[in-house]
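> coordinates only, sequence not included:
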């Protein structure tokens, strides 16, 4: 059984399970991820009737997303890993958006977009081949009008970054701006990697930031953009 954690957005979620059977707790966190995560995990493990050392591994939403949330999720996962000697797997939050939508309605072609603030979005494109997601356009942080969108029919949009793409909404077969990465999706995506021996030690687990600058340039501030 695996534990999965996601704190990449303002919603904090944890999940426990394996294969297609998962128990999830989620909560609006704002900026309180560090305060909420450990109590949520403790309650989830108690509900599942399992102790931390009995787990096979811990997965976390590695990013992109809120820099603070990513650091908190990674740090909590590292601490639990060290305490129980468990392997870690970091999962793309954009791929988790695609998986969350697939679990809802079976979508297999997804443009995943998350709000990156500073007038930008995190975006990536995925296609499910029946057994796994294939990355068609790699994760990037871009101004919305520069987002690389796929040609062809049947593409669904998912994620809270879709609001910035409303002008091209007609290009999508489905529109799901309410979708966020979920800990269940993180867990589902991590299990094949754990089984393939891709789990890493705590010291080797890192967030995926995509963007390394955290402030607007003077030109962007003068243009009226806000973080």
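Perfect, I can see it now. Every value quoted in this text rests on a predicted model; they were computed, and no experiment measured them. Numbering: from 1, shown residues only.
> wait, what's in contact with the closest residue to residue 133 other than its chain neighbours?
Nearest residue to residue 133 in three dimensions, chain neighbours excluded: residue 126, at 4.6 Å (Cβ to Cβ, 6 or more residues apart in numbering). Heads up, the C-betas are built off the backbone N, CA and C, glycines and all. Applying Cβ atoms under 8 Å, 6 or more residues apart in numbering to residue 126 gives the contacts 94, 95, 98, 109, 110, 112, 133, 134, 135, 136.
> save those residues as CSV, and put in neighbour count and pLDDT too.
Shown next, in CSV, are the contacts of residue 126 (neighbours: other Cβ atoms under 10 Å; pLDDT from 0 to 100):
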residue, neighbour count, pLDDT
94, 34, 98
95, 22, 99
98, 30, 99
109, 20, 98
110, 31, 98
112, 32, 98
133, 21, 98
134, 10, 98
135, 14, 97
136, 15, 95
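> any idea which helix or strand carries residue 197?
Using DSSP states H and E, residue 197 falls within no helix or strand.
> how close does it sit to residue 95?
20 Å (Cβ to Cβ, to the nearest Å).
> same thing with residue 152?
20 Å.
> in a helix, residue 94, correct?
Yes. Under DSSP: H, G, I helix; E, B strand; the rest coil, residue 94 sits within a helix.
> right, and it touches residue 137 too?
No. At 10.0 Å, residue 94 does not count as touching residue 137 under the criterion of Cβ atoms under 8 Å.
> quick check, central residue of the protein?
residue 93 (2.0 Å; Cα atoms, centre = their mean).
> residues in contact with that residue?
6, 8-9, 61-65, 114, 122, 181, 186, 208.
> which non-adjacent residue is nearest residue 22?
The nearest residue in space to residue 22 (Cβ to Cβ, 6+ apart) is residue 184, at 4.4 Å.
> would you mind listing the buried residues in the helix or strand harbouring the one you found?
Secondary structure assigned from DSSP H and E places residue 184 in helix 183-195. Under the neighbour-count criterion of 16 or more other Cβ atoms under 10 Å, helix 183-195 has 183, 184, 185, 186, 187, 188, 189, 190, 191, 193, 194 buried.
> reformat these as CSV; add distance to residue 35 and pLDDT.
Listed next are the buried residues of helix 183-195 as CSV, based on distance: Cβ to Cβ, whole Å; pLDDT from 0 to 100:
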residue, distance to residue 35, pLDDT
183, 17, 99
184, 22, 99
185, 24, 99
186, 20, 99
187, 22, 99
188, 27, 98
189, 26, 99
190, 25, 99
191, 29, 98
193, 29, 98
194, 28, 98
